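Enquirer: Need coordinates for the following:
(one chain, ligands or ions: 1)
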Amino acid sequence: MPTSIVTGGAGFLGSHLCDRLLREGHRVLCVDNLDTGTLENIEHIRGEEFTFVQHDMVDHLDIRESIDYVFHLASPASPIDYLRLPLHTLKVGSYGTHNALGIAKKHRARFLLASTSEVYGDPLVHPQREDYWGNVNPIGPRGVYDEAKRYAEALTMAYHRQQGVDTHIVRIFNTYGPRMRPFDGRAIPTFLRQALADKPITVFGDGSQTRSFCYVDDLIEGFLRLIDSDEHGPVNIGNPGEFTILQLADAVIAATGSASKVVYEALPQDDPTVRQPDITRARQLLGWEPTVELDDGLQRTIASLRR
Ligand SMILES: NC(=O)c1ccc[n+]([C@@H]2O[C@H](COP(=O)([O-])OP(=O)(O)OC[C@H]3O[C@@H](n4cnc5c(N)ncnc54)[C@H](O)[C@@H]3O)[C@@H](O)[C@H]2O)c1
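Expert: Here you go, the predicted model:
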């Protein structure tokens, strides 16, 4: 039975990854300091194959049993979290990634870094391909997250080149699904919370900025294909379907049957104007592409919120 470590395993994506790995027959060590994740996300998981370890990945973690896979997801991910925790975000991206890579090196495990489309910043190339180096403001408030992930990618490539660690980098584009926190500040949980309460839907700016939204199950499938592949360069995983934020608000209103109306609020600093993954590499290297359309994914997310 393979053993996997999932750092950030009590978070939104990490808990779905734990579920999937257990279904695939892995033993799972879920490591999380519960900064932005919750035990509620993993309370449904029972059995000897699952162990929760409360630990801050900024500190060294000694693992005695043999490990086959390290999935490194630990990091604040939502703007309201990383703007509240700027130093911690930089530390978990640097020391935390260093510690996670050290575990992979010691155990000769395969390693996957959860990177982000934010490494492209406010992109001047559209859609974004992996060979685009990005347009990031390193000293703006969002820079703590973007640069932490860029540094984590550099560290991961150095461990691969210098230490021969079997590393993989996934650049995740906006992903949504059950277990997102209603107040985490990201567009889909915010709009759903507002729509389900018939409250005004708060759109930043004029709502013409675009995003692409990937359903969580599709993303997790991409993680598993990538970590078992021979590919060491970064791979975009996201849904290339591109929507303006205003279109997303309309889709949420339609999906919930809400009486909510859109209201406009000031655009946050350095908010990217466009965001759409080019997934040619994921298609060619992994045979991966998303299967869940936005309307379907919204219905699944709404059903879980109502439950
Ligand atoms: N959800 C997305 O759309 C998205 C997009 C791009 C990248 N990502 C990346 O995916 C990963 C997971 O994101 P998420 O959406 O599940 O966010 P999340 O906040 O729900 O999960 C992050 C988890 O990491 C944990 N954590 C934070 N710092 C830690 C530390 N120092 N030690 C141990 N655990 C720590 C948190 O408690 C939380 O459980 C993050 O690395 C994020 O940057 C997510």
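
Enquirer: Quick check: which element contains V263?
Expert: strand 262-265 (DSSP states H and E).

Enquirer: Can you list the helices and strands that that strand packs against?
Expert: strand 201-204 (3 or more C-beta pairs under 8 Å, 6 or more residues apart in numbering; DSSP states H and E). (C-beta placed from N, C-alpha, C; glycine too.)

Enquirer: average pLDDT across the strand it packs on?
Expert: The average of the pLDDT scores along strand 201-204 is 95.

Enquirer: Would you mind listing the buried residues in that strand?
Expert: Using 16 or more other C-beta atoms under 10 Å as the test for burial, strand 201-204 gives I201, V203.

Enquirer: can I assume S75 is in contact with H88?
Expert: No. In this structure, S75 is not within contact of H88 by C-beta atoms under 8 Å, at 9.0 Å.

Enquirer: Same drill for these two, tell me which one is more crowded.
Expert: S75 (30 against 20; other C-beta atoms under 10 Å).

Enquirer: Give me the phi and psi angles of the more buried one.
Expert: phi 170, psi 140 (degrees, to the nearest 10).

Enquirer: Show me which residues of the protein are close to the ligand?
Expert: 7-8, 10-14, 32-37, 56-58, 73-77, 81, 92, 96, 114, 116, 172, 174-175 (C-beta under 6 Å from any ligand atom).

Enquirer: Domain ranges for the protein, per the record?
Expert: The record's domain split for the chain, according to automatic domain parsing, is 3-176+214-238+277-292, 187-209+242-274+296-306.

Enquirer: Following element in sequence after the helix ranked longest in the chain, please.
Expert: The helix that spans the most residues within the chain, counting by DSSP state H, is helix 143-163. The helix or strand immediately downstream of helix 143-163 is strand 167-172, counting by DSSP H and E.

Enquirer: need the helices for the stretch 151-300 of the chain, in chain order.
Expert: Using DSSP state H, counting those that start in this stretch, the helices of the stretch 151-300 of the chain run over 187-196, 216-227, 245-256, 280-286, 294-306.

Enquirer: mind listing what's buried in the shortest one?
Expert: Judged by neighbour count using 16+ other C-beta under 10 Å, the buried positions of helix 280-286 are R281, A282, L286.

Enquirer: Could you do stretch 215-234 as well?
Expert: Neighbour counts over stretch 215-234 (16+ other C-beta under 10 Å) mark 215-227, 231-232, 234 as buried.

Enquirer: which non-adjacent residue is nearest the most centrally placed residue in the chain?
Expert: Most central in the chain under C-alpha atoms, centre = their mean is I172, positioned 5.5 Å from the mean C-alpha point. Leaving aside its sequence neighbours, I172 sits nearest to T116 (C-beta to C-beta, 6 or more residues apart in numbering; 5.5 Å).

Enquirer: For the one you found, grab the count of nearby residues.
Expert: By other C-beta under 10 Å, neighbour count at T116 equals 21.

Enquirer: what residues are up against it?
Expert: A77, Y145, D146, K149, R171, I172 (C-beta atoms under 8 Å, 6 or more residues apart in numbering).

Enquirer: need the contact list for the fourth one.
Expert: For K149, the set of contacting residues under the criterion of C-beta under 8 Å, 6+ apart consists of S75, G93, S115, T116, E118, V119.

Enquirer: picking up where we left off before, among the residues of the chain next to the ligand, which ones are buried?
Expert: Buried, going by 16+ other C-beta under 10 Å: 7-8, 10-14, 32-33, 35-37, 56-58, 73-77, 81, 92, 96, 114, 116, 172, 174-175, out of the residues of the chain next to the ligand.

Enquirer: Strands - which of the residues you listed land there?
Expert: T7, D32, A114, T116, I172, T175 (DSSP state E).

Enquirer: Give me the pLDDT for the fifth one.
Expert: Residue-level confidence at I172 comes out at 98, pLDDT.

Enquirer: same deal with the last one?
Expert: T175 is assigned a predicted lDDT (pLDDT) of 97.

Enquirer: which ones are touching L285?
Expert: S229, E231, V235.

Enquirer: Please determine how far it is located from the ligand.
Expert: 19 Å (C-beta to the nearest ligand atom, to the nearest Å).

Enquirer: what's the nearest residue to L13 if we skip its chain neighbours?
Expert: L73 (5.9 Å).

Enquirer: do F50 as well
Expert: V28 (5.1 Å).

Enquirer: cool, T3 as well?
Expert: R27 is the one closest to T3 (C-beta to C-beta, 6+ apart), at 4.4 Å.

Enquirer: who's in contact with the one you found?
Expert: Contacts of R27 (C-beta under 8 Å, 6+ apart): M1, P2, T3, S4, E49, F50, T51.

Enquirer: switch the cut-off to 10 Å
Expert: 1-5, 21, 47-51, 65, 67-68 (C-beta atoms under 10 Å, 6 or more residues apart in numbering).
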